[in-house]
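> Mind looking at a prediction? Sequence and model below.
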Amino acid sequence: MKNIKENISLERAYNIIKKPITTEKSTNLQQFNQYSFVVSKDSNSLEIKSAIEKIFKVKVNKVNTSITRGKGKTFKGQYGFRKDTKRAIVTLVEGNTIDSSLEIK
C-alpha cells in the first residue's frame with residue numbers, strides 16, 4: 001500500500017468520526033491498542049486514519065472498516081429497516097493511547 005498522506009480539514013475530520021463505540025468487546029480491544037468508532041459511510045481508510053491523527057494527535061498503524069447492514073424491524077405494525085452503519089477499528093502505534101474520557105464534538 002502506498003503511503004499517501006491524506007490532508008483533511010478539522011471540520012471534515014469531525015464529520016468522518018461520528019462517535020466511539022463503548023461496548024464490552026471494544027473495551028477489551030483497548031488492551032491491544034485498538035479503538036472502535038462509528039464513521040461516515042462515504043469515508044475511506046486513509047481519511048479515517050488522518051482524521052484520528054488530527055483529532056486525537058496520535059499515530060495510527062492500521063485501520064480496518066466494516067459496513068453493518070441495518071436489521072429489519074417492526075415498529076407499531078410498520079416494517080422498516082435500521083440504517084446501515086460503518087465501523088472502523090483503529091490500531092495505534094505502540095506507545096500511543098486515546099484517552100477514553102475525550103468526547104467527539
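That came through fine. Numbers count the residues shown, from 1 in each chain.
> Please enumerate the helices of the chain.
Per DSSP state H, the chain carries helices over the ranges 10-16, 24-29, 45-56.
> tell me the most buried of the ones you listed?
helix 45-56 (a mean of 20; mean count of other Cβ atoms under 10 Å). For the C-beta atoms, the positions are set from N, CA and C on the backbone; glycine is no exception.
> Can you spell out which helices and strands pack onto it?
Judged by 3 or more Cβ pairs under 8 Å, 6 or more residues apart in numbering; DSSP states H and E, helix 45-56 is in contact with helix 10-16, strand 17-20, strand 34-39, strand 60-68, strand 85-92.
> what's the model's confidence in it, averaged?
When pLDDT is averaged over helix 45-56, the result is 94.
> so Asn61 makes contact with Val93?
Yes. If you go by Cβ atoms under 8 Å, Asn61 and Val93 touch, sitting 4.9 Å apart.
> give me the low-pLDDT residue ranges for this structure?
Residue ranges of the chain with pLDDT under 70: 1-6, 100-105.
> Go ahead and flag the most central residue of it.
The centroid of the chain falls nearest to Phe37 when counting by Cα atoms, centre = their mean (2.8 Å).
> Test my guess that that one contacts Ala13.
No. Applying Cβ under 8 Å as the test, Phe37 and Ala13 come out as separate, 11.6 Å apart.
> So for Lys49, which of the helices and strands packed on helix 45-56 sits nearest?
Evaluated over the helices and strands packed on helix 45-56, closeness to Lys49 peaks at strand 60-68, with 4.6 Å, by Cβ to Cβ.
> could you say what helices and strands that closest one packs with?
In terms of contacts (3+ Cβ pairs under 8 Å, 6+ apart), strand 60-68 is packed against helix 45-56, strand 85-92.
> Now that we have the ones you listed, can you turn them into JSON lines and tack on distance to Lys76?
JSON lines is the format used below for the helices and strands packed on strand 60-68 (distance: least, Cβ to Cβ, whole Å):
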{"stretch": "helix 45-56", "distance to Lys76": "36"}
{"stretch": "strand 85-92", "distance to Lys76": "23"}
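> To Arg69, which of those lies closest?
Smallest distance to Arg69 across the helices and strands packed on strand 60-68 (Cβ to Cβ): 8.8 Å, for strand 85-92.
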